[in-house]
Structures are given as structure tokens and as C-alpha cells.
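Engineer: pasting the sequence and the predicted coordinates here, then a few questions.
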Amino acid sequence: MGDTVKRHGADTQQPVLAAKNVVRRFGGLVAVNNVSFDVRAGEILGLIGPNGAGKTTMFDLLAGSILPSSGEIYLGGVPVSGEAAHRRIGRGLGRTFQIPRPLPNLTLIENVMLAAQGQTGERLLANFLTPWRVAAEEKAAAKKAAELLELVSLNRLAHEPARVLSGGQRKLLELARVMMADPAIILLDEPAAGVNATLLEVIIDRIRDINESGITFLLIEHNIDMVTRLCHRVLVMASGELLCEGTADEVARDPRVIEAYLGGAA
Ligand SMILES: Nc1ncnc2c1ncn2[C@@H]1O[C@H](COP(=O)(O)OP(=O)(O)OP(=O)(O)O)[C@@H](O)[C@H]1O
């Protein structure tokens, strides 16, 4: 796990992840407008809002794929706004994408192993000088990858090429891949999109299990049933701004939220 962020129970006062007055402009468009929020250790926080609200831009800012025009992002209390995405992964931030793209011809287990952080085998000189250490690390990574595939209910397919997977199974594989780096918090981008009803239940159960093991989640999701069942708290964005926050039931009844969705649909 990253040094910066501890799993919940270690320090419940400090938010795992925080945005303070974050602004992101694309030319004249303000995609994220002065947004502030905390993600508390151990929670599953939902991020919802109509199309174009700024949710994906917010994820890109949190993960470090893009930098804010102003404002600050904190990971475990440490300011990280200027840090590259891979540094934030090292600090305990994991992220999945709406459309996962595993390497189709590699097996599931190989795909998960590829996500391992800082393997000695990646460094040529170390590989040459300490081959026994590389072999031991590879064995440990294979064991961990197998356990993670079991955790996401894909162990049966561990030695199949990733190309055989359905869209929903790719989401589960993506979850296993992200877990390989021992994240403290995982940003999930639309885990329910394009997933059939049976697999959706598996995904909900697995996210719940992983959360109960101590990992915090922030998830963008349009499937309100999933949000209601999983999220302890929900943030609503519209037109780049944070409109309100509360439980799923509270925000669903909020007239500003209803208005934002009706406006977006018009
Ligand atoms: N790279 C970019 N260049 C210019 N405009 C962008 C860029 N990325 C996003 N935008 C604009 O920023 C606004 C917010 O987009 P964003 O994708 O963050 O919304 P969203 O809430 O994730 O929407 P959806 O639910 O449809 O994915 C939109 O008006 C979008 O067109």
C-alpha cells in the first residue's frame, strides 16, 4: 500500500482524499467550478450528476491525468495537485476506467500481474544481478494475482485470454488489476455501465466485500439503484458545480437535483 494514505482504522480523522476549491477550465468552459469535498476513510462515496456535469473531469483531476487551473487536491492530507498520476498510484490511489482495455491476448492472471507496482524485474540491471529475487517476486505476484481473481469471482477463467471476457467481466478484471497496487482508495468510473443484471449483482457484492476489507471508494455512476444500495453518501454535480450532498434518498428528493436532471434531459 502507498505510504501516504492508510487504510481506515489507522487515522479516521484525516480524509483519505480531498478537493479544495478546485477549478478546471478548458478554454472558455469551466468544467469544474470551485469544487470542495472530502472522502472519508472507509466510506463508499457516490458522485452523480447529469451528462456534462464535470464528473469525469473531477476524476481526471483527482487521479492526476490533468492538472487543476486552481485549487488543491490532498491525498491523506498531502497536497498532490502537481504530481503525476503514477506518483499518486504509489501514494495509494487506484482508478478504474469506464471502458477497461485489458491486453486481449494475455491471460487474466498475466493482465493482473502486469499491474504490480515496482517489480524488480522491470529494472534490467537488478534483473541481471539478482535473478533469484526477481523469481521470488514473480512467484509472490502470481499468488497475489490468483487471490485477487478469486476475490472478484474470475478464478475459473484465470488462464483464459482476456479477449473471452464480457463487458461486465472486464470491469471485474479491472478491479482485480487496480487492487494489485494495494490502493487505500479506488475511484470507480461507472462500474454498472453496460453490465448485465446478473453480473451487476456480483460487482455490487465484490465492491462491498472490498470496502469491508478497509478500502475506500469514490464512484461515478448513473445507475441510481446501484448508488442507493452501495453508497454511504452521495455528491451531486451539475454544470461544473457541487450542487449538494447527502444520502442517496436525501439527494433524490432534493428539488435542485430534480431540476438539474430535468434541465439536462431537456
Ligand atoms: N478535454 C476537454 N476539452 C474541452 N472540453 C472538455 C474536455 N473534457 C471535458 N470537457 C467538457 O467539460 C464538461 C464536463 O465534462 P465531463 O466529461 O467531465 O462531464 P461528466 O459529468 O463526466 O459527463 P458524462 O456523465 O456524460 O460522462 C463538458 O462540457 C465537456 O464537454
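Structural biologist: Okay, I see it.

Engineer: for the ligand, what are the nearby residues on the protein?
Structural biologist: Counting by Cβ under 6 Å from any ligand atom, the chain comes close to the ligand at 26, 29, 31, 49, 51, 52, 53, 54, 55, 56, 57. For glycine as for every other residue, the C-beta is placed from the backbone atoms N, C-alpha and C.

Engineer: which residues does the first one bridge with?
Structural biologist: Beta-bridge pairing for residue 26 (DSSP bridges): residue 29.

Engineer: could you number the chain from 42 rather than 1 from now on?
Structural biologist: I'll keep to 42 as the first residue from here, and by that count the last item is residue 67.

Engineer: domain ranges for this structure?
Structural biologist: The chain breaks down by automatic domain parsing into domains covering 58-141+225-306, 144-205.

Engineer: for those domains, which has the smallest mean pLDDT value?
Structural biologist: Note on the domains of the chain: lowest mean pLDDT is at domain 144-205, with a mean of 81.

Engineer: show the end-to-end separation of it, please.
Structural biologist: One end of domain 144-205 sits 11 Å from the other (Cα to Cα, to the nearest Å).

Engineer: are any of the residues of the chain next to the ligand buried, and which?
Structural biologist: 72, 90, 94, 95, 96, 97, 98 (16 or more other Cβ atoms under 10 Å).

Engineer: quick one: those residues as JSON lines, columns for secondary structure too.
Structural biologist: Shown next, in JSON lines, are those (DSSP: H, G, I helix; E, B strand; the rest coil):
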{"residue": "72", "secondary structure": "strand"}
{"residue": "90", "secondary structure": "coil"}
{"residue": "94", "secondary structure": "coil"}
{"residue": "95", "secondary structure": "coil"}
{"residue": "96", "secondary structure": "helix"}
{"residue": "97", "secondary structure": "helix"}
{"residue": "98", "secondary structure": "helix"}
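
Engineer: the longest helix in the chain is where?
Structural biologist: Longest helix in the chain, counting residues (DSSP state H): helix 172-192.

Engineer: name the next helix or strand downstream of it, please.
Structural biologist: helix 208-220 (DSSP states H and E).

Engineer: any idea of the mean pLDDT in that next one?
Structural biologist: For helix 208-220, the per-residue pLDDT averages 92.
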